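> Kindly generate the corresponding structure for this input.
(one chain, ligands or ions: 1)
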Amino acid sequence: MTRYSRITGTGSYLPPRRLTNADLAAELASQGVETSDEWIVERTGIRARHFAAADVSSSDLGVEAAKHALEAAGLQASDIDLIIVATSTPDMVFPSAACILQNKLGIAGCAAFDVQAVCSGFVYALTVADAMIKTGSANKALVIGAEVFSRILDFSDRTTCVLFGDGAGAVVLEASETPGILASDLHADGKHVGILCVPGHVSGGKVLGQPLLKMDGQAVFKLAVGVLESAARATLAKANLTDADIDWLIPHQANIRIMQSTAKKLKMPLEKLIVTVDQHGNTSAASIPLALDTAVRSGKIKKGDTLMLEGVGGGFTWGAVLLNY
Ligand code: ACO
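Numbers count the residues shown, from 1 in each chain. Model (predicted):
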């Protein structure tokens, strides 16, 4: 019998501190940085984001999302035999956020590791978990995207600091006799490292370089629009499906203009595009599972729907996962 993997529960968590564009603009103005709600909404579609308190880490956000996903799947933490956390803002240099989160869930023994593919992290992590389930290495996995991007923002750079937020999303992925994940397609091109990076590292007990996010927004925009279409088409081809088979498109939530352009290229009406970037900003690896959980809990996404998840981000990395929910 063919072994597949299937999402059986979703969950998410946002830190309570919510800043509208007006709130953020007022904070930035006090530091001499000028921006406006109008500029942010028009260029990005973002209206608000959440920022975690200084003592809250990615694993703190991730564990709350994981608990909600476990509850939705009707499982206990002790049922889980694999934890993958997608994050670029882990709690420590090491050990992984996944190991820290495992301990916070009160379990031990199962495999736990992080995946670092920036905003493509969740589709990378989901693809790895799917492969481990299909080959029999795992039966019940927690796949989590969790980020505290507010820690790596340069609040003197208005071209980037207005774009990002903190949060976490999670899914439980279980072995199943029916699909589930239908196909996935992952890519990277390291020659674009410089267009989106946090160019710092730890050495000799010090942080060297510039551990703050730097982005060439226009270069990222151009690359993103192209690769999101090609990854979706490659994934559909692997599953022998077409654009018309997609019920819901859940792209990485970075910029409404990139998302709408992808939907148009896939000939999808905008009503089929799941949008949470307006309320969450860009939460990097957390954005797709946050959007998925929001759409599931609002009743938009129903059991049996076909979903196209798409990530794109620093690396440059990109990828898509097509699945039957
Ligand atoms: N408020 C007000 N004005 C601003 C702001 C701001 N926050 N930021 C920039 N401006 C000004 C600029 O100074 C510039 O002014 P000028 O014309 O007087 O020089 C003007 O607005 C236009 O700036 P651009 O950078 O050209 O604006 P653009 O239309 O390219 O939009 C943006 C910038 C929103 C960043 C866009 O390029 C974009 O969305 N790119 C994709 C980013 C993205 O998706 N990143 C996430 C990838 S995922 C990951 O891996 C993290």
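> and the closest residue to the ligand within the stretch 151-300 of the chain, what does it touch?
Distances between the stretch 151-300 of the chain and the ligand by CB to the nearest ligand atom are smallest at G217, namely 2.8 Å. Heads up, the C-betas are built off the backbone N, CA and C, glycines and all. Residues counted as contacts of G217 (CB atoms under 8 Å, 6 or more residues apart in numbering) are T159, T160.
> With L236 instead?
A183, T242, D243, D245, I246, M308, L322.
> my read: the last one touches L266, true?
Same thing as L322. No. Taking contacts as CB atoms under 8 Å, L322 lies outside contact range of L266: 11.6 Å.
> Common neighbours of these two, please.
I246, M308.
> Could you look up the SS state of the residue nearest to I288 when sequence neighbours are not counted?
Setting aside the residues directly before and after it, I288 is nearest to F122 in space (CB to CB, 6 or more residues apart in numbering), at 4.6 Å. Here F122 is helix, with the state taken from DSSP: H, G, I helix; E, B strand; the rest coil.
> how close does F122 get to the ligand?
12 Å (CB to the nearest ligand atom, to the nearest Å).
> Now do the same contact list for that residue.
A86, V143, G145, G169, A285, A286, S287, I288, P289, L309, G311.
> Quick check: strands, which of those are part of them?
Using DSSP state E, the subset of the contacts of F122 located in strands is A86, V143, G145, G169, L309, G311.
> closest to the ligand among these?
Nearest to the ligand among these, with distances taken as CB to the nearest ligand atom, is G311, at 8.5 Å.
> ok, for that closest one, nearest residue in space, not its chain neighbours?
Per CB to CB, 6+ apart, closest to G311 is S120, 3.5 Å.
> ok, the one you found - how many residues close by?
32 (other CB atoms under 10 Å).
> and what of G45?
Counted with other CB under 10 Å, G45 comes out at 19.
> Need the per-residue pLDDT for it.
Note for G45: predicted pLDDT of 98.
> distance of it from S298?
From G45 across to S298, the span is 18 Å (CB to CB, to the nearest Å).
> got it, and L213?
From L213 over to S298 (counting by CB to CB), the distance is 30 Å.
> More neighbours: these two, which one.
More crowded of L213 and S298, by other CB under 10 Å: L213, with 22 against 9.
> So in the protein, which helix runs the longest?
For the chain, the longest helix by residue count, based on DSSP state H, is helix 217-238.
> What residues of that helix count as buried?
For helix 217-238, a neighbour-count test (16 or more other CB atoms under 10 Å) marks 217, 220, 223-225, 227-229, 231-236 as buried.
> Pull the distance from that helix to the chain's centre.
16 Å (CA atoms, centre = their mean, to the nearest Å).
> Mind listing the strands the helix or strand where L307 lies pairs with, and their directions?
Using DSSP states H and E, L307 sits within strand 306-313. The strands beside strand 306-313 in its sheet (DSSP bridges) come out as strand 248-251 (parallel), strand 317-324 (antiparallel).
> what mean pLDDT would you report for that strand?
pLDDT averaged over strand 306-313 gives 98.
> any residue of it up close to the ligand?
Yes. Using CB under 6 Å from any ligand atom, we find that strand 306-313 touches the ligand at G313.
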